[in-house]
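[1] Build me a model from this:
(one chain, ligands or ions: 1)
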Amino acid sequence: VTQAPVVTPISSPPAGEMGRGPWPRTARAGGTGVVSVGGVALRQIAAEYGTPAYVLDEQDVRQECRAYLAAFPGGEVAYAGKAFLCRSMARWVDEEGLSLDVCSAGELSVAASVGFPPEKLILHGNAKTPDDMHAALEYRVGRIVIDSLSEISRLAAQVPQRQRVLLRVTPGVDAHTHAALTTGIDNQKFGISMADGAAADAVRRIVAQPCLDLVGLHCHIGSQITVPDGHELAARRLTGLMAAIRDEHGITLGQLNLGGGLGVAYADGDPELDLPAFARRLRAAVDRECAALRLPVPRITVEPGRAIVARAGVTLYRVISVKHRPDGHVFVAVDGGMSDNPRPSLYGASYTVRVVGRPAGSASQPATVAGRHCEAGDILARDVPLPVDIRPGDLLVTACTGAYHHSMAANYNMVGRPPVIAVRDGHARVLVRRETDADLRRRDVGM
Ligand code: LLP
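    Numbering: from 1, shown residues only. Just a heads-up that it's a prediction; the model follows:
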């Protein structure tokens, strides 16, 4: 039995703060148990736009952009578009004064479609395809981050005019995060190693190409990091390489790009990154190292993706079935799953799930929230407290789904990807519409 969704008037969202934790700043829970984000009742969003649905709090995104800019005065904050990108997001980021990191012709085309300033674009990628490179050169992106030796001659042969480049190096720093998200050590696919002289060799090859203008170094040591030690060590090592480049080539590099990877809380009680303190430690490390090496202090770039958008997003699901197993386990199956959130399967990620429209404090039991897809591993959250009388038709909301959800969504079982609904000041609007069966069939052109 599927209950008809109850519509709560926009004008009276309950006022109780939910506390920051993994939630958007504007998330509210109250006496009626209704949860709202951006002043819009989640029940109303589900009723109007259906489920599953990604909901994104515009104000929260903007506030996070401002917090990052404030933490790095004089620095550059480049939003990593891979976390979540659509035209509105690109516009918000531009309006807030951030640069944008893109890593494919597709991401670049979104940025180009809203006229994102080319000089504020940074192209990444360990295997940039001819199409990626062509799109970047055509749009005249400000900087291309060289990731391999072969890319140097390839790029030099193609650039129509002098092109600013950075060199991505691996500083040999283990960020002690999930293995799939560790990118600062030598034994992985990104960048050029500093350890065996390969980075110095790459610099020689770049400076030998008159059409390539080496303006800085880049590294990205991993993701979901909340302590500054790894970034600090990387900053020190890259600054050392900058001094070596000055000594060998007489070139002073002006840019030090330390990548992203700044972590967020996915659940209440998860470690929180203290952004001002983190930024102070990085800036101080660079200042100290430069003073010791008599090097002018480069401009620091950071590339947060998750930290800008993860907590601004929540996902709404409708409960489809509830199974009480003989051993006491409760499986709550919803109308989404690994196609809209592959992170639990990929990284063992844990999520915070709440029921929408129940008074806080109603008796709860641990339950496993499962998806609709045809495999046993399609689990969204394990052992999360949900009301004992949870039933089909109930609405669930998962916190912290703004980053790497829509961008990693897939069509397993021919399920269309959910829409992205922006909320702000009591209004909701569609940023990305739901993918329909017709959309899915459109690419199927054989007979
Ligand atoms: N810059 C570069 C060059 C990157 O490769 C990345 C992420 C970032 C910045 C942004 O990292 P962030 O601040 O978002 O951690 N799919 C994974 C995350 C993969 C991140 C890959 N590169 C996840 O869902 O956790």
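[2] Give the closest residue to the spatially most central residue of the chain in space, chain neighbours not counted.
    With distances taken as Cα atoms, centre = their mean, residue 83 lies nearest the centre of the chain, 2.6 Å away. Distance criterion Cβ to Cβ, 6 or more residues apart in numbering; nearest residue to residue 83, sequence neighbours excluded, is residue 305 at 3.2 Å. The C-beta positions use only the backbone N, C-alpha and C, and glycine is treated the same way.
[3] What separation is there between residue 429 and residue 319?
    26 Å (Cβ to Cβ, to the nearest Å).
[4] Settle it for me: which of those two has more neighbours?
    Higher neighbour count among residue 429 and residue 319: residue 319, with 22 against 12, using other Cβ atoms under 10 Å.
[5] and the more buried one, what does it touch?
    For residue 319, the contact set (Cβ atoms under 8 Å, 6 or more residues apart in numbering) comprises 332, 333, 334, 390, 391, 392, 393, 394, 395, 396.
[6] That one should be in a helix, yeah?
    No. Residue 319 is assigned strand when assessed by DSSP: H, G, I helix; E, B strand; the rest coil, not a helix.
[7] So what pairs up with it in the strands?
    Beta bridges link residue 319 to residue 334, judged by DSSP bridges.
[8] mind saving the C-alpha coords of stretch 43-55 as PDB?
    Extracted C-alpha coordinates of stretch 43-55, given in PDB (Å, rounded to 0.1, in the frame of the first residue of the first chain):
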ATOM      1  CA  ARG A  43       7.200  16.100   2.000                       C
ATOM      2  CA  GLN A  44       6.200  18.900  -0.400                       C
ATOM      3  CA  ILE A  45       9.300  18.300  -2.600                       C
ATOM      4  CA  ALA A  46       8.500  14.600  -2.700                       C
ATOM      5  CA  ALA A  47       4.900  15.200  -3.500                       C
ATOM      6  CA  GLU A  48       5.700  17.700  -6.300                       C
ATOM      7  CA  TYR A  49       8.800  16.100  -7.900                       C
ATOM      8  CA  GLY A  50       8.600  12.500  -6.800                       C
ATOM      9  CA  THR A  51      11.200  10.300  -5.300                       C
ATOM     10  CA  PRO A  52      14.000   9.500  -5.200                       C
ATOM     11  CA  ALA A  53      15.100  13.100  -5.500                       C
ATOM     12  CA  TYR A  54      18.400  14.900  -4.700                       C
ATOM     13  CA  VAL A  55      17.700  18.200  -2.900                       C
END
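[9] Now it: buried residues?
    For stretch 43-55, the neighbour count (16 or more other Cβ atoms under 10 Å) marks 43, 44, 45, 46, 47, 49, 50, 51, 52, 53, 54, 55 as buried.
[10] so how far is that stretch off the chain centroid?
    From the chain centre to the centre of stretch 43-55 is a distance of 22 Å (Cα atoms, centre = their mean, to the nearest Å).
[11] mind starting the numbering at 159 from now?
    In the new count, where the first residue is 159, that last one comes out as stretch 201-213.
[12] contact partners of stretch 274-284?
    Stretch 274-284 is contacted by residues 236, 248, 252, 256-262, 266, 269, 290, 294, 297-303, 305-306, 324, 326, 347-349, 415, 459, 461 when judged by Cβ under 8 Å, 6+ apart.
[13] What remains of the residues you listed if I keep only buried residues?
    236, 248, 252, 256-262, 266, 269, 290, 294, 297, 299-303, 305-306, 324, 326, 348-349, 415, 459, 461.
[14] Switch the buried residues of stretch 201-213 over to a markdown table; also include secondary structure.
    Formatted as a markdown table, the buried residues of stretch 201-213 follow (three-state DSSP):
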| residue | secondary structure |
| --- | --- |
| 201 | helix |
| 202 | helix |
| 203 | helix |
| 204 | helix |
| 205 | helix |
| 207 | helix |
| 208 | coil |
| 209 | coil |
| 210 | coil |
| 211 | strand |
| 212 | strand |
| 213 | strand |
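[15] tell me which of the residues you listed is nearest to the ligand?
    Of all the buried residues of stretch 201-213, the ligand sits closest to residue 212, with 14.3 Å by Cβ to the nearest ligand atom.
[16] ok, whatever residue of the stretch 209-358 of the chain ends up closest to the ligand to residue 530 distance?
    Proximity to the ligand, evaluated over the stretch 209-358 of the chain using Cβ to the nearest ligand atom, is greatest for residue 238 at 3.5 Å. Taking Cβ to Cβ as the measure, residue 238 falls 30 Å from residue 530.
[17] Since that was my last question, I'll sign off now.
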